[in-house]
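Peer 1: coords please:
(2 chains)
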2 protein chains.
Amino acid sequence: MPELRKDLLHDKWVLIATEQALEPRFFPINRNGTYVRKDKVCPFCAGNESLTPPEIAAVRKDNSAPDSPGWIVRTVPSKYSAFRLEGELQEEQQSGIYYSCNGLGKQEVVIGNSDHSCEFHHFSLERIELIYRMFKERYQALASDPRIKYIQIYKNQGLFAGASQEHSHSQIVALPIVPLHVTIPASYYQQNQKCLLCTIMGQERENGKRIIYESEYYILLSPYASRFSYETWIIPKEHKEHFGGISEREISDLARTLKTFLNIMLDSLSNPSYNIVINTGPINGVSAEGAHWFMEINPRFIITNGFEMATGYYTNPVAPELSASLFRQRMLENDQ
Amino acid sequence: MPELRKDLLHDKWVLIATEQALEPRFFPINRNGTYVRKDKVCPFCAGNESLTPPEIAAVRKDNSAPDSPGWIVRTVPSKYSAFRLEGELQEEQQSGIYYSCNGLGKQEVVIGNSDHSCEFHHFSLERIELIYRMFKERYQALASDPRIKYIQIYKNQGLFAGASQEHSHSQIVALPIVPLHVTIPASYYQQNQKCLLCTIMGQERENGKRIIYESEYYILLSPYASRFSYETWIIPKEHKEHFGGISEREISDLARTLKTFLNIMLDSLSNPSYNIVINTGPINGVSAEGAHWFMEINPRFIITNGFEMATGYYTNPVAPELSASLFRQRMLENDQ
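Peer 2: A predicted model of the protein is given here:
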């Protein structure tokens, strides 16, 4: 079983695979910046269903059988996951000052289409809605396990976003502990008796300089302290603690807004790699007071270097006010 | 002037260039994983001295003139720095809850040789010693400014280590604030009245599984919670708070040990990109109690993905015990 080990010098958890080590030749990248493909045949393409572990859930046409072609959206356990949903969370004192947890948890992969070459932003609105419905379904299923305290949904698109597979996909990780930064809005709430993200939205609306767009249910903005150039947040206007509570109407609005924005972003920025991460509140007995779910879209132009690694300070050569102005103009043109 | 803006959601400072934005076509990488060179002519090669700002310090042969060829090691201000050493540190309340600091500080580049194609691990021992003497000289010069509270020395080697120039070089950044993680050993000291790194070294020596090598002045080990696969630390055996206090004998031992280790690491791992960062104690009125300088060598095989970005949890597919065993064996063979 893998371990979560505490890095005492940086106050971070590190997930360590103690059972089997990757050899350097199997790492996803090499120095020349080319992919080292783990699989010669793509395990996410139609017809290759046997290359993944058995599917957990799927949207299928024509009553096609599980683990056969005919699916529209398919969820499978991650083949390379370091997590296992077995037993109880155990924090163990290791020799002296070290301590670790067992890798209790679950990692799933949501494959949003069976066509290798079609990327997420080219998917139909209906397909994007199906994917977000799948996220909600899996979120709720994983949240029903009381050992799970946090659910992380994310997407890595492209080599420089850390994607190890070229075929478009997203991932869901169910964790037995709550990441440190998830507790920041809770601290803010305890000190100020109000939601940090609602406060930020209020200020941004008054100021206007970093607002990109407002849809029926969401605000799109460039955050004041953007860590990534052209970083964009999609925030539900109404205070909602958990992504898992998203309604049908909110899913439709999100799919439409996200598809439009991604196409504009990728076109404006010459098609960079990007990550989408969904921040949400903790669950199952951990207070979600002050939590407000939101989505980050982070294009990846710059590789973390030694300065960021050592100091924790990100460097962003593009002011968020400029980023917002570019995207605002193009979202406006798109509406007309 | 650039700003350090506080990212309230992640409790991090972000250095934002508010004066001029990079256009996407000038970013160092593109989606296909190839360098977009900022300069067609390398500004770090002999003969191109006019392409950098005037030099701050240099080791030169034959009394050659500043900013002309004939140098062995050369230090220049960073052309793309977001820091300026002007005025006083000012924390400013921005609208509402936001706040920022001005980008007070200084960023310098140390060019360790004039030959574009020769990488650091191929440098002679004498040259590596000259580079570390230059680091010490610049550390002490920058530390003499009372506005500076922390000095970060680091090296980015290769595309996947975030290097924007191919020509081997290192960087020194003088900061007016102390990075958050630098305060962790101080907290440990206050609670336990002992040095965290000395405690770790003591345990590692007893256990032995993660020790790679001991030289006269240094221990090399794979840290218990290695964030990067094959991450290696070089720690002074004696408790020393600041890198700037390194002696001539310690520089010689460090140069020899580092050169040997880097050659073994790069050969064992098929020549990956890597970062070297020097962690050291805060200065100029900020207590360095519990600080113990050390060096991290981090090979870069995996690009940060959405999971690490969102949760702050690193994933490492190579157990440090395996990494240590590989390097220990080869360091031993080298000694025989």
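
Peer 1: could you pull out the helices in the stretch 101-250 of chain A for me?
Peer 2: For the stretch 101-250 of chain A, the helices defined by DSSP state H, counting those that start in this stretch cover A:125-143, A:184-192, A:196-207, A:248-268.

Peer 1: using PDB, write out every CA atom in the second one.
Peer 2: Backbone C-alpha positions of helix A:184-192 (Å, rounded to 0.1, in the frame of the first residue of the first chain) are rendered in PDB as follows:
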ATOM      1  CA  ILE A 184      -8.300  28.900   4.500                       C
ATOM      2  CA  PRO A 185     -11.800  30.000   3.700                       C
ATOM      3  CA  ALA A 186     -12.900  28.300   7.000                       C
ATOM      4  CA  SER A 187     -10.400  30.400   9.000                       C
ATOM      5  CA  TYR A 188     -11.600  33.500   7.200                       C
ATOM      6  CA  TYR A 189     -15.200  32.700   8.000                       C
ATOM      7  CA  GLN A 190     -14.400  32.100  11.700                       C
ATOM      8  CA  GLN A 191     -12.600  35.500  11.900                       C
ATOM      9  CA  ASN A 192     -15.000  37.600   9.800                       C
END
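
Peer 1: thinking again about what came up before, closest to chain B out of the helices of the stretch 101-250 of chain A?
Peer 2: helix A:196-207 (4.3 Å; Cβ to the nearest Cβ). (C-beta placed from N, C-alpha, C; glycine too.)

Peer 1: what's the distance between the closest one and the middle of its chain?
Peer 2: 23 Å (Cα atoms, centre = their mean, to the nearest Å).

Peer 1: same check, this time on stretch A:169-184
Peer 2: Distance, stretch centre to chain centre, for stretch A:169-184: 9 Å (Cα atoms, centre = their mean).

Peer 1: got it, and stretch A:122-138?
Peer 2: 14 Å.

Peer 1: and stretch A:239-258, does that touch chain B?
Peer 2: No - figure legend: stretch A:239-258 not in contact with chain B (Cβ under 8 Å from any Cβ of the partner chain); closest approach 12.1 Å.

Peer 1: what sits up against that stretch?
Peer 2: With contact meaning Cβ atoms under 8 Å, 6 or more residues apart in numbering or on different chains, stretch A:239-258 is reached by A:125, A:128-129, A:132-133, A:135-136, A:139-140, A:143, A:151, A:153, A:195, A:197-198, A:213, A:215-218, A:220, A:234, A:236, A:278, A:280-281, A:283, A:288, A:291-293, A:295.

Peer 1: just stretch A:134-143 next, same as before
Peer 2: Counting by Cβ under 8 Å, 6+ apart, A:56-57, A:59, A:73, A:75, A:106, A:108, A:110, A:148, A:151, A:153, A:170, A:172, A:174, A:243-244, A:246, A:251, A:278, A:283-284 sit against stretch A:134-143.

Peer 1: tell me where the stretch 201-336 of chain A has strands.
Peer 2: A:211-214, A:218-221, A:232-236, A:273-279, A:294-300, A:314-316 (DSSP state E, counting those that start in this stretch).

Peer 1: centre of the chain to the last one, how far?
Peer 2: Read it as strand A:314-316. That offset, for strand A:314-316, works out to 20 Å (Cα atoms, centre = their mean).

Peer 1: also the fifth one?
Peer 2: The offset between the C-alpha centroid of strand A:294-300 and the centroid of the whole chain comes to 8 Å, using Cα atoms, centre = their mean.

Peer 1: tilt between that strand and helix A:196-207?
Peer 2: If you take axes from the mean of the first three to the mean of the last three Cα atoms, to 10 degrees, strand A:294-300 sits at 70 degrees to helix A:196-207.

Peer 1: which residues does the residue nearest to residue A:273 when sequence neighbours are not counted contact?
Peer 2: Distance criterion Cβ to Cβ, 6 or more residues apart in numbering or on different chains; nearest residue to residue A:273, sequence neighbours excluded, is residue A:158 at 2.8 Å. The contact partners of residue A:158, taken as Cβ under 8 Å, 6+ apart, are A:272-274, A:300, B:31.

Peer 1: and if you look at residue A:273?
Peer 2: Residues counted as contacts of residue A:273 (Cβ under 8 Å, 6+ apart) are A:156-161, A:163, A:299-300, B:31.

Peer 1: dump those residues to TSV, plus pLDDT and distance to residue A:334.
Peer 2: Below are the contacts of residue A:273 laid out as TSV (pLDDT from 0 to 100; distance: Cβ to Cβ, whole Å):
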residue	pLDDT	distance to residue A:334
A:156	95	26
A:157	94	21
A:158	88	23
A:159	83	28
A:160	86	26
A:161	90	24
A:163	86	27
A:299	94	18
A:300	91	24
B:31	52	23
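
Peer 1: let me have the residues you listed in CSV, extended by distance to residue A:326.
Peer 2: As requested, these are exported to CSV (distance: Cβ to Cβ, whole Å):
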residue, distance to residue A:326
A:156, 24
A:157, 20
A:158, 20
A:159, 24
A:160, 20
A:161, 21
A:163, 25
A:299, 12
A:300, 18
B:31, 19
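
Peer 1: show me the residues you listed that map onto strands.
Peer 2: A:156-157, A:299-300 (DSSP state E).

Peer 1: what's the closest of the residues you listed to chain B?
Peer 2: Among those, and counting by Cβ to the nearest Cβ, the member closest to chain B is residue A:156, at 4.6 Å.

Peer 1: so that closest one versus residue A:300, what's the distance?
Peer 2: Distance from residue A:156 to residue A:300, counting by Cβ to Cβ, to the nearest Å: 9 Å.

Peer 1: quick check: neighbours shared by the two?
Peer 2: The contact sets of residue A:156 and residue A:300 overlap at A:273, A:275 (Cβ under 8 Å, 6+ apart).

Peer 1: that older thread, now render the ones in strands among the contacts of residue A:273 as TSV, adding distance to chain B and neighbour count.
Peer 2: Putting the ones in strands among the contacts of residue A:273 into TSV (distance: Cβ to the nearest Cβ, whole Å; neighbours: other Cβ atoms under 10 Å in any protein chain shown) gives the following:
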residue	distance to chain B	neighbour count
A:156	5	27
A:157	9	26
A:299	9	27
A:300	8	27
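
Peer 1: quick one: contacts for the closest residue in space to residue A:76 that isn't next to it in sequence?
Peer 2: Nearest non-adjacent residue to residue A:76, counting by Cβ to Cβ, 6+ apart: residue A:52, 4.2 Å away. Counting by Cβ under 8 Å, 6+ apart, residue A:52 touches A:43-44, A:76-77, A:79, A:109.

Peer 1: of those, select the buried ones using a ChimeraX command.
Peer 2: In ChimeraX, selecting the buried portion of these, with burial taken from 16 or more other Cβ atoms under 10 Å in any protein chain shown, looks like this:
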select /A:43,44,76,77,109
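
Peer 1: so among the contacts of residue A:52, where is pLDDT lowest?
Peer 2: Lowest pLDDT within the contacts of residue A:52 is found at residue A:79 (83).
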